[in-house]
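Peer 1: Can you look at this prediction? I've put the sequence above it.
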Amino acid sequence: MIDVYLIKYDDLRQAKERILSEYSKVIGNTYTIEYLPSGAPQLLLDGKPNGHVSISHTDGVLAMAFSNDKVGIDVERADRAVSPKICKSIEDWTRIEAYAKWTGNGLSKSLLLGQIPEDIISTRKWQEYVISVCSQCQGIEIIQLS
């Protein structure tokens, strides 16, 4: 199961802390996040890697995905324009970004030209946003915080 937390924010740091606090309450442990040299977030329990997290934010909305398996997430405004040279729609763009985070290799020209495995990506609309989650884990629960 993948838990996806969504929150609108004025202060990104506070929003991240709020989501992490809520996730920690649900799980019953106090988690922290540190960033690897690559910039990827790592979920820690008692200072040791424990589970996986992916983070995305855009235009005042923060999305964080937590899973026992590797996970990648992207959130974008549904009305955001994308270059037709890159992809066909904002939904396609969020799938590419989520997949890039899932692989840990980041965006590259070859990724943009290649095929994304659709069977491990779920795309949903939430309010005026598009969210894509990439994982081999099945099942997504969306938790909206106010």
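Peer 2: Cool, got the structure. Note that the structure is predicted; figures quoted are calculated from it, not measured. Numbering: from 1, shown residues only.
Peer 1: going forward, measure contacts between C-alpha atoms and count neighbours the same way
Peer 2: Fine.
Peer 1: Show me the contact partners of the top helix by length along the chain.
Peer 2: Taking DSSP state H as the criterion, the chain has its longest helix at helix 12-27. By CA atoms under 8 Å, 6 or more residues apart in numbering, the residues outside helix 12-27 that reach it are 5, 7-9, 30-32, 60, 62, 64, 145.
Peer 1: Make a ChimeraX selection of the buried ones in these.
Peer 2: Buried residues among the contacts of helix 12-27 (16 or more other CA atoms under 10 Å), as a ChimeraX selection:
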select :5,7,8,9,31,32,62,64
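Peer 1: Need the max-distance pair from the contacts of helix 12-27.
Peer 2: 30 and 60 (25.7 Å; CA to CA).
Peer 1: ok so, going back, could you identify the least confident member of the contacts of helix 12-27?
Peer 2: pLDDT across these is lowest for residue 30, at 90.
Peer 1: Now do the buried residues in stretch 82-100.
Peer 2: 90-100.
Peer 1: Looking at those residues, which one is closest to residue 120?
Peer 2: residue 99 (8.7 Å).
Peer 1: gap between the helix or strand containing residue 96 and the chain center?
Peer 2: When elements are assigned from DSSP states H and E, residue 96 belongs to helix 90-103. Offset of helix 90-103 from its chain centre (CA atoms, centre = their mean, to the nearest Å): 9 Å.
Peer 1: What of stretch 70-85?
Peer 2: Distance, centroid of stretch 70-85 to centroid of chain: 11 Å (CA atoms, centre = their mean).
Peer 1: check contacts around residue 139.
Peer 2: 1-2.
Peer 1: helix/strand/coil for residue 82?
Peer 2: coil (DSSP: H, G, I helix; E, B strand; the rest coil).
Peer 1: And it, what's its pLDDT?
Peer 2: 91.
Peer 1: my read: it touches residue 92, true?
Peer 2: No: counting by CA atoms under 8 Å, residue 82 does not reach residue 92; the two are 9.4 Å apart.
Peer 1: element containing the residue at the greatest distance from the centre of the chain?
Peer 2: Distance from the C-alpha centroid of the chain peaks at residue 85, with 24.2 Å (CA atoms, centre = their mean). Secondary structure assignment for residue 85, by DSSP H and E: no helix or strand.
Peer 1: gap between it and residue 15?
Peer 2: 34 Å (CA to CA, to the nearest Å).
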